[in-house]
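Novice: can't give you the sequence, but here's the structure:
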């Protein structure tokens, strides 16, 4: 299982701050986005702008995620 | 740092921007620039009553440290201090303070502008508007799906 932290609107839409996603070796950020929507269809509208962070760094769609990675998903940031 | 401040930190308490500013002052720096982000009442004709700030602390601190490294590669920075507040903030409260010192003013202004501009697009912190009509709304800027 891959543990995925959610923040801000993504967390509100999913209704929880952490999801567990069944995970296979070799799956990527892009795969994660599809699996998130399959589990929580409400996240669909957020996907085009959803940011994915792996081990505290932003990751593009093609990056492979290990089940042991720290993964977080969230909409564009708005601090300041 | 005599005030016991961390140069880069997140806090749920009011920001002591005087102490932060003092922490970047030195006899090596002829210029100190301080930026304070404060909670504004009016946005596009709508009235804010409060903002709720949320962060992803581990990553936010990592990204702030990266910002400091990049800024130091661009300008001859003496000291940098950045504090971002999280939680419920009322009108006029200070949400973020960026202090930077350099030998000369142009460098200090440029570095300060860079730090706050980059913070706003790369550091994982979010604000939720509490409008005066009782509704709430996450602020999630658009701008495509490229990573920051």
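Specialist: Looks like it arrived, so ask away. Source: prediction; values computed, not measured.
Novice: Does the lengthiest helix in chain A reach chain B?
Specialist: Secondary structure assigned by DSSP state H gives helix A:29-39 as the longest helix of chain A. No. Judged by C-beta under 8 Å from any C-beta of the partner chain, helix A:29-39 stays clear of chain B, getting no closer than 9.9 Å. For glycine as for every other residue, the C-beta is placed from the backbone atoms N, C-alpha and C.
Novice: How far off centre is that helix?
Specialist: Relative to its chain's centre, helix A:29-39 lies at 7 Å (C-alpha atoms, centre = their mean, to the nearest Å).
Novice: What average pLDDT does the helix or strand following it get?
Specialist: Going down the chain from helix A:29-39, the next helix or strand is strand A:51-54, by DSSP states H and E. Mean per-residue pLDDT for strand A:51-54: 98.
Novice: And stretch A:28-42, by the same measure?
Specialist: The average of the pLDDT scores along stretch A:28-42 is 97.
Novice: List the buried residues of that stretch.
Specialist: For stretch A:28-42, a neighbour-count test (16 or more other C-beta atoms under 10 Å in any protein chain shown) marks A:28, A:29, A:31, A:32, A:33, A:35, A:36, A:37, A:40 as buried.
Novice: and what of stretch B:74-87?
Specialist: B:75, B:77, B:78, B:79, B:80, B:81, B:82, B:83, B:84, B:85, B:86.
Novice: Now do the end-to-end distance for it.
Specialist: 32 Å (C-alpha to C-alpha, to the nearest Å).
Novice: and which of the buried residues of stretch B:74-87 is nearest to chain A?
Specialist: For the buried residues of stretch B:74-87, the minimum distance to chain A (C-beta to the nearest C-beta) is 6.1 Å, reached by residue B:84.
Novice: Backbone dihedrals for that closest one, please?
Specialist: Main-chain dihedrals, residue B:84, degrees, to the nearest 10: phi -120, psi 130.
Novice: Now do it against residue B:123, distance only.
Specialist: Residue B:84 sits 7 Å away from residue B:123, going by C-beta to C-beta, to the nearest Å.
Novice: okay, and the common contacts of those two?
Specialist: A:79, B:60, B:64 (C-beta atoms under 8 Å, 6 or more residues apart in numbering or on different chains).
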